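In: Here is a sequence together with a model predicted from it:
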2 protein chains.
Amino acid sequence: MTKNFFNDRTKKLWHLWDCRPCNKNPESDHIETREKILIAAFEEIYEHGYQAASLSNILKNTEATKGALYHHFKNKKELGYAVLDEVVCESYMDSWIRPLENIDDPITVIKELLTDYAEMATQDDIRRGCPLHNLAQEMSPIDDDFRERISKAYTDWQKAIENAFEQGKKAGNVNPSIDSKSLALFFVATLEGCMGMAKTTQSITTLTCCGEALLERVESLRPKFISSET
Amino acid sequence: MTKNFFNDRTKKLWHLWDCRPCNKNPESDHIETREKILIAAFEEIYEHGYQAASLSNILKNTEATKGALYHHFKNKKELGYAVLDEVVCESYMDSWIRPLENIDDPITVIKELLTDYAEMATQDDIRRGCPLHNLAQEMSPIDDDFRERISKAYTDWQKAIENAFEQGKKAGNVNPSIDSKSLALFFVATLEGCMGMAKTTQSITTLTCCGEALLERVESLRPKFISSET
DNA sequence: CTTGACATACATACCGGTTGGTATGCAAAC
DNA sequence: GTTTGCATACCAACCGGTATGTATGTCAAG
């Protein structure tokens, strides 16, 4: 039951990314209250951004009180960090880092991840965009602690893609002459740009149009020789 | 003198984009007060975002008072719209729309615009990113009036690139088989993504790395036949 | 088996500061 | 004498944060 709670959590809030496994003691009420606040905080920040997120609103959407919030989190910034680390980054681990570990055909896998996303994206997902990107654009220029955490998350993401490209080269599924590191960075930047544009127009057409152009680019990274397998 | 004021304005605030020509009556003090508030408002919004922008801060950075502000602007939203329309969008007109009008070799021109930007960008420009993108990401999900204005700005930008591609096709400088409209959209999305990523890492290296990948992509849009001119 | 000491996990009430916004005053221009 | 272009003073609402109270443990000493 508590397991289901954790499973439902991200599914409900941000259903595109699978939920991280629950690695905390599910018996304790302590955790549940903290989790409830964390969920509501993620929702509020995802909707309004960190600076405009209201602690009162967060508490209104839980049955918790200000005493509970300040018992579990030192202040608003620590709450923001917890949302970033425990909700946003963990989701990225599950959706983009772990699926790229120990695979031989990264181009196919990346294309699957992209098309899966495009198919599952609801209007509301498109409207609110990518949580990591939102925080990055809002907080990077004005808070170095936020910026460093976000920057590390992006670096991890890029590293995962870069490693996948390198492993793909060894398996003969990726053009060995490409610069894995640069293209991993460019891929992440482009993907965020596409999702940001779709967020602005609030149209799935924008997302698919940009997505197809990105797919085409990814496909072009395959080896140049004609594949022996038809 | 007043002409210089307008020239200095955007040069100082957002020096990467040339300033729009002054099309208002420079004699009137009325305009000067309004302009001063508009400048300070742009600065404040550019630095902290629209929602976190403080009217008190804006007034502190001018010699104007709250009475002056509310004399010229109905409320905070109207001030935000004025900043968007009169400062941000006008700058984009000068830096990206007008340079693409009536040209035969769009790929060369676009590459010049990109490299010019990368060379002129200061650390502070990179830190604060693209003003249009910032507003787009912050306001699109929560305010439809903002969203429609920003969406139109992006559409105008894309149209300018699309038209330039089409004219380039006629002149034989662009591969006639490309989808001008889709690629214009993809180009804008990618460019914003690259600038957003550089903003997060706060490193020029990121900007140049992404920029080179983008340049490469743009270059690939030239006609496939070997050019007769060496 | 009970009792006192201490810790955990909140709940309630309150605080000073800041927010966007307004009502009024008033000198200069027309 | 009316309108324009501000300046000053003031406002209720909300902000993040804190001080204090309290119910429910935990645990070792007697």
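Out: Cool, got the structure. Numbers count the residues shown, from 1 in each chain, chains lettered A, B, ... in the order given.
In: got a list of what residue A:140 touches?
Out: A:146-147, A:150-151, B:127, B:129, B:199-200, B:202 (Cβ atoms under 8 Å, 6 or more residues apart in numbering or on different chains). Any C-beta I mention is one placed from the backbone N, CA and C, and that applies to glycine too.
In: Which strands or helices does the helix ranked longest in chain A pack on?
Out: If you go by DSSP state H, chain A has its longest helix at helix A:144-170. Applying 3 or more Cβ pairs under 8 Å, 6 or more residues apart in numbering or on different chains; DSSP states H and E, one finds that helix A:144-170 contacts helix A:76-82, helix A:90-92, helix A:106-120, helix A:131-139, helix A:180-201, helix B:180-201.
In: May I see the buried residues of it?
Out: By neighbour count with 16 or more other Cβ atoms under 10 Å in any protein chain shown, helix A:144-170 contains the buried residues A:146-147, A:149-151, A:153-155, A:157-158, A:160-169.
In: Give the closest residue to the residue of chain A found nearest chain B in space, chain neighbours not counted.
Out: The minimum distance from chain A to chain B, using Cβ to the nearest Cβ, falls at residue A:193 (2.1 Å). Leaving out its chain neighbours, the residue that sits closest to residue A:193 by Cβ to Cβ, 6 or more residues apart in numbering or on different chains is residue B:193, at 2.1 Å.
In: What number of residues are in the vicinity of that neighbour?
Out: When counting by other Cβ atoms under 10 Å in any protein chain shown, one arrives at 27 neighbours for residue B:193.
In: cool, and residue A:74?
Out: Count around residue A:74 with other Cβ under 10 Å applied: 10.
In: For residue A:33, see how far away it is.
Out: For residue A:74, the distance to residue A:33 equals 16 Å [Cβ to Cβ, to the nearest Å].
In: Then residue A:222?
Out: For residue A:222, the distance to residue A:33 equals 50 Å [Cβ to Cβ].
In: again, but for residue A:224
Out: Distance, residue A:224 to residue A:33, using Cβ to Cβ: 57 Å.
In: When the two are compared, which one has more neighbours?
Out: Comparing residue A:224 with residue A:33 by neighbour count (other Cβ under 10 Å), the higher total belongs to residue A:33, at 17 against 8.
In: Taking helix A:131-139 as reference, get the angle to the helix or strand hosting that one.
Out: In this structure, residue A:33 sits in helix A:29-48 according to DSSP states H and E. Here helix A:29-48 runs at 70 degrees with respect to helix A:131-139, directions being taken by axes from the mean of the first three to the mean of the last three Cα atoms, to 10 degrees.
In: Next secondary structure after helix A:29-48?
Out: The element immediately downstream of helix A:29-48 (helix or strand, assigned by DSSP H and E) is helix A:55-60.
In: How about residue A:110: what's its closest non-neighbour residue?
Out: residue A:218 (5.7 Å).
In: burial of that neighbour, as a residue count?
Out: 18.
In: tell me the contacts of it?
Out: Each residue near residue A:218 by Cβ under 8 Å, 6+ apart is listed here: A:107, A:110-111, A:114, A:187.
In: buried sites along the helix or strand containing it?
Out: Element membership for residue A:218 (DSSP H and E) is helix A:204-219. Residues of helix A:204-219 classed as buried by neighbour count (16+ other Cβ under 10 Å): A:204, A:206-215, A:217-218.
In: Distance of the residue nearest to the spatial centre of chain A relative to DNA strand D?
Out: The geometric centre of chain A, computed from its C-alpha atoms, lies nearest to residue A:92 (Cα atoms, centre = their mean), at 3.8 Å. Per Cβ to the nearest atom of the strand, to the nearest Å, residue A:92 is found 25 Å from DNA strand D.
In: With residue A:200 instead?
Out: Distance, residue A:200 to DNA strand D, using Cβ to the nearest atom of the strand: 26 Å.
In: any idea of the pLDDT on that residue?
Out: Among the per-residue scores, residue A:200 shows a pLDDT of 98.
In: count of neighbours near it?
Out: Using other Cβ under 10 Å, residue A:200 has 29 neighbouring residues.
In: From DNA strand C, how far out is it?
Out: According to Cβ to the nearest atom of the strand, residue A:200 stands 23 Å off from DNA strand C.
In: show me what contacts residue A:141?
Out: Residue A:141 neighbours (Cβ under 8 Å, 6+ apart): A:147, B:47, B:127-129, B:199.
In: Next, the buried residues of stretch A:107-123.
Out: A:107, A:110-111, A:114, A:117-118, A:121.
In: In CSV, list these along with distance to DNA strand C.
Out: As requested, the buried residues of stretch A:107-123 are arranged in CSV below (distance: Cβ to the nearest atom of the strand, whole Å):
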residue, distance to DNA strand C
A:107, 47
A:110, 41
A:111, 44
A:114, 39
A:117, 35
A:118, 37
A:121, 33
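In: Closest to residue B:69 out of the residues you listed?
Out: Closest approach to residue B:69 among these (Cβ to Cβ): residue A:121, at 40.6 Å.
In: what residue ranges in chain A score low on pLDDT?
Out: Residues of chain A that meet the criterion pLDDT under 70 lie in A:1-31, A:225-230.
In: what residues go with each domain of it?
Out: What automatic domain parsing lists as the domains of chain A is A:2-79, A:101-219.
In: Tell me how far the closest residue to DNA strand C within chain A lies from residue A:59.
Out: Closest residue of chain A to DNA strand C, Cβ to the nearest atom of the strand: residue A:67 (1.8 Å). Separation of residue A:67 from residue A:59 (Cβ to Cβ): 10 Å.
In: out of those two, which sits in the more crowded spot?
Out: Per other Cβ under 10 Å, whichever of residue A:67 and residue A:59 has more neighbours is residue A:59, with 19 against 9.
In: and chain A, which of its residues are near DNA strand D?
Out: Counting by Cβ under 7 Å from any atom of the strand, the residues of chain A lying close to DNA strand D are A:53-57, A:66-67, A:70, A:75-77.
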